[in-house]
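Visitor: Next comes the sequence, and after it the predicted model I'd like to discuss.
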Amino acid sequence: MPDIIKSGAVYVLAGNGKEPTGPNAVNAARQLLNAGLKLGVRYNPFNGNGGSTPKSLSTIQQEAQALFNAKISGTQVYSFIFIDHALKRTDIQQIVDIMRGVGWTLISTNETGGGATPPTGMWLHRKAFNILNGAVETKIQDFLDNYPNSTGITQQDIAWINSTLASDPASVAVLKLEVETEVARFVGLPADTQQKLLTAWAKNQATYNYRTVYPIFVGKTYDSVVAGTYSTQKALISTYG
């Protein structure tokens with residue numbers, strides 16, 4: 001927990017579909033909350049992985065309400081909710097409206113995969129970086145050949161950012177590493193390449209009107225302290241937000 005707190009991060013995705021109940025989870029959440037961080041929870045609108053049996057709207061309402069009401073020592077645990085597999089639900093706008101109805105104001109969606117129309121009235125729209133999909137080796141080599149002038153984002157990313165902000169102007173477009181697939185590919189890159197990508201993604205946020213998610217700790221897949229990128233990420237957060 002101390003490394004997360006010292007990183008300068010403000011918003012931390014900390015819960016996976018449920019409120020913290022075990023002593024370790026409760027203690028970790030309490031430390032982050034006491035440090036002033038805003039915690040978020042991932043919500044899956046399917047029974048299983050995206051594309052499996054969808055949850056009913058009534059179930060979603062009950063679960064979203066329970067997560068919103070989760071408290072530790074009287075303090076609300078979660079400030080924001082992240083809807084995974086969002087565009088695999090054709091009724092995603094209804095789901096967002098239900099969540100807003102039970103009290104959520106900071107709602108974000110994972111828009112990697114799926115063909116539904118993205119919802120509006122969002123806080124954040126999130127999508128995976130394109131550079132780590134498809135012809136990854138070619139894209140990474142092109143990035144390195146042109147560094148430090150390369151941006152780390154592709155024309156597909158830019159088109160998505162522009163489309164997102166055109167349809168939902170008050171929202172924020174966010175590019176991030178997809179868990180687990182892209183994070184695993186990122187782990188496989190040399191530390192120097194990881195640092196260059198992180199730097200390019202951070203530096204170009206203002207230019208291309210997006211925000212990025214810093215992978216300080218990603219479950220059991222990525223530990224920035226072990227990977228040697230923690231200090232880089234901390235400095236980038238301080239400089240570019």
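Guide: That came in fine, so what should we check first?
Visitor: From now on I want contacts and neighbour counts done on CA atoms only, so please keep to that.
Guide: OK.
Visitor: Next one: residue 95 from residue 118, what distance?
Guide: When C-alpha to C-alpha, to the nearest Å is the yardstick, residue 95 and residue 118 sit 12 Å from each other.
Visitor: Have a look at the protein and report the helix or strand with the lowest mean pLDDT.
Guide: Ranked by mean pLDDT, DSSP states H and E, the weakest helix or strand in the chain is strand 11-16, scoring a mean of 92.
Visitor: low pLDDT regions in the protein?
Guide: Within the chain, the stretches with pLDDT under 70 are 50-51.
Visitor: In space, what's closest to residue 118 - neighbours in sequence excluded?
Guide: Across the structure, with C-alpha to C-alpha, 6 or more residues apart in numbering as the measure, the residue nearest residue 118 apart from its sequence neighbours is residue 87 (6.5 Å).
Visitor: Pretty sure that neighbour sits in a helix.
Guide: Yes: when the secondary structure is assigned by DSSP: H, G, I helix; E, B strand; the rest coil, residue 87 falls within a helix.
Visitor: What's the local residue count around it?
Guide: Look at residue 87: counted by other C-alpha atoms under 10 Å, it has 22 neighbours.
Visitor: cool, residue 203 as well?
Guide: Counted with other C-alpha under 10 Å, the burial measure for residue 203 works out to 17 neighbours.
Visitor: my guess is it meets residue 238, correct?
Guide: No: the pair residue 203 and residue 238 fails to qualify as a contact (C-alpha atoms under 8 Å) at a distance of 11.6 Å.
Visitor: State the distance from the residue nearest to residue 171 when sequence neighbours are not counted to residue 65.
Guide: Residue nearest to residue 171 in three dimensions, not counting chain neighbours: residue 123, with 5.0 Å by C-alpha to C-alpha, 6+ apart. According to C-alpha to C-alpha, residue 123 and residue 65 sit 18 Å apart.
Visitor: relative to its centroid, which residue of the chain is most remote?
Guide: Computed with C-alpha atoms, centre = their mean, the residue of the chain farthest from its C-alpha average is residue 145, at 28.2 Å.
Visitor: give me the element that residue is part of.
Guide: Assignment of secondary structure by DSSP states H and E places residue 145 within helix 136-146.
Visitor: contacts for that helix?
Guide: Helix 136-146 is touched from outside by 131-132, 150-152, 193, with contacts defined as C-alpha atoms under 8 Å, 6 or more residues apart in numbering.
Visitor: buried ones in that helix?
Guide: Buried positions in helix 136-146, judged by neighbour count with 16 or more other C-alpha atoms under 10 Å: 139-140, 143-144.
Visitor: same question, stretch 79-97
Guide: Within stretch 79-97, the residues that qualify as buried by neighbour count (16+ other C-alpha under 10 Å) are 79-89, 92-93, 95-97.
Visitor: CA atoms only for it - export them in CSV, please.
Guide: Output for stretch 79-97, consisting of C-alpha atoms alone and laid out as CSV, is shown next (Å, rounded to 0.1, in the frame of the first residue of the first chain):
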residue,chain,number,x,y,z
SER,A,79,-16.1,6.6,-5.4
PHE,A,80,-16.4,5.2,-8.9
ILE,A,81,-17.5,2.1,-10.8
PHE,A,82,-16.0,0.6,-13.9
ILE,A,83,-18.3,-1.5,-16.1
ASP,A,84,-16.3,-4.2,-17.8
HIS,A,85,-17.4,-5.8,-21.2
ALA,A,86,-19.6,-2.7,-21.6
LEU,A,87,-20.1,-2.8,-25.4
LYS,A,88,-21.0,-6.5,-25.3
ARG,A,89,-24.3,-5.4,-23.8
THR,A,90,-26.7,-3.8,-26.2
ASP,A,91,-28.6,-2.3,-23.2
ILE,A,92,-25.5,-0.6,-21.8
GLN,A,93,-27.2,2.8,-21.8
GLN,A,94,-29.9,1.4,-19.6
ILE,A,95,-27.3,-0.1,-17.3
VAL,A,96,-25.5,3.2,-17.0
ASP,A,97,-28.8,4.9,-16.2
